[in-house]
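Asker: take a look and give me a structure for this.
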Amino acid sequence: MAAGTTEPSPLQFLQLVADPQRWQLLVELGRSDRRVGELAELLGKAQNLVSYHLGELRSAGLVWPRRSSADGRDTYYRVDVARCGELFGSAGAALHPALRLAPVADESPHLARRQKKRVLFLCTGNSARSQIAEALLEHRSAHAVEARSAGSHPKPLHPNAVRVMAERGIDISGRRTKHLDRFARTRFDRVITLCDKVREICPDFPGAPVAAHWSMPDPAAAADNDDASYPAFLRTAQEIDARVELLISQLTHKSDDKRSAHARR
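Answerer: Down below sits the predicted model:
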């Protein structure tokens, strides 16, 4: 558990998430990283009230802030789904051992039997974050999901992106970077931005795909040289891998919620 958070008892946790507004915040953040103003608009509540509830959720380690790389005055919030799962599991087990949560089964076979979902990942350079996400989604879904990636200002594939993927047994060395305009007429089920700057200028795509944002800093900006920035690439790949696993669960869910397709990017 990170510093600054408190470990709630099972009862305290259930009381915390039973509040309708806090529950809705968790639901919305499960769909996409959001700023306070956007959450206030989605909930129809004042920003100071939303900030209060976010503070309560943050104290329990359920949500985390990250400063926007597009505008340092803004902060994006994301939900820690794994932490939520742990606390739900603890609450169930506290009531009765039979209610202990079991691990989620691999969803790839279910994807393979259904029509292929198409996902587009976007960042600025298409040199690291979006390439890593594309490769991991294809790999984890056993290619049952058709993943693509692009950038607003493409630049050469970063060697550290190739390196972290190679260590996971995935070769992306032959992939090319692409401009997002290449997919302007392509239909996707989801369009996911991984860069705060790209989110601000992300165009609309045909068919009103579900839009989501993963607020992630550019790992290449963590240091002046490749060797020094490599740990940032490792952290980025780890976070994207966890998010991709959750994305696959969302893609296999029959009641895939498309309300966020019209939400502001």
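Asker: for the residue of the chain most remote from its centre, give its distance to Ala232.
Answerer: Most distant residue from the mean C-alpha position of the chain: His96, 32.3 Å away (CA atoms, centre = their mean). His96 is 43 Å from Ala232, where distance means CB to CB, to the nearest Å. Backbone N, C-alpha and C define where each C-beta goes, glycine included.
Asker: so Arg34 is in contact with Val27, correct?
Answerer: No: contact criterion CB atoms under 8 Å: Arg34 and Val27 do not qualify, at 11.2 Å.
Asker: quick one: which of those two has more around it?
Answerer: Each of Arg34 and Val27 had its neighbours counted (other CB atoms under 10 Å), and the higher figure belongs to Arg34 (28 against 12).
Asker: by mean pLDDT, which helix or strand of this protein comes out lowest?
Answerer: When the helices and strands of the chain are scored by mean pLDDT, DSSP states H and E, helix 108-113 comes last with a mean of 58.
Asker: immediately after it, which helix or strand?
Answerer: Counting by DSSP states H and E, the next helix or strand C-terminal to helix 108-113 is strand 117-123.
Asker: chain center to that following strand: distance?
Answerer: Mean C-alpha position of strand 117-123 versus that of the full chain (CA atoms, centre = their mean, to the nearest Å) differs by 12 Å.
Asker: so which residues of the chain form helices?
Answerer: Ranges of helices in the chain, per DSSP state H, are 10-18, 20-31, 36-43, 47-59, 81-95, 108-113, 129-140, 159-166, 196-201, 226-252.
Asker: report all helices and strands that the fifth one contacts.
Answerer: Counting contacts by 3 or more CB pairs under 8 Å, 6 or more residues apart in numbering; DSSP states H and E, helix 81-95 packs against helix 10-18.
Asker: ok, residues contacting the helix it packs on?
Answerer: Defining contact as CB atoms under 8 Å, 6 or more residues apart in numbering, one finds that helix 10-18 is touched by 8, 22-23, 26, 56-57, 60, 62, 84, 87-88, 90-91, 94-95.
Asker: if we go to 7 Å?
Answerer: Pro8, Arg22, Trp23, Leu26, Glu56, Ala60, Leu87, Ser90, Ala91, Ala94 (CB atoms under 7 Å, 6 or more residues apart in numbering).
Asker: just the buried residues out of those residues, in PyMOL syntax.
Answerer: The buried subset of those, as determined by 16 or more other CB atoms under 10 Å, is captured in PyMOL by this line:
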select buried, resi 8+22+26+56+60+87+90+91
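Asker: adding pLDDT as columns, could you present the contacts of helix 10-18 in a markdown table?
Answerer: Formatted as a markdown table, these follow (pLDDT from 0 to 100):
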| residue | pLDDT |
| --- | --- |
| Pro8 | 90 |
| Arg22 | 97 |
| Trp23 | 98 |
| Leu26 | 97 |
| Glu56 | 96 |
| Ala60 | 94 |
| Leu87 | 94 |
| Ser90 | 92 |
| Ala91 | 93 |
| Ala94 | 92 |
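Asker: out of the contacts of helix 10-18, who's nearest Arg66?
Answerer: Nearest to Arg66 out of these is Leu26 (CB to CB; 16.8 Å).
Asker: about what we covered before: from the contacts of helix 10-18, pick the one nearest Arg100.
Answerer: For these, the nearest to Arg100 is Ser90 (8.8 Å; CB to CB).
Asker: so how far is Arg129 from the spatially most central residue of the chain?
Answerer: Relative to the mean C-alpha position of the chain, the nearest C-alpha, by CA atoms, centre = their mean, is the one of Trp214, at 4.1 Å. Remark: distance between Trp214 and Arg129 (CB to CB) = 8 Å.
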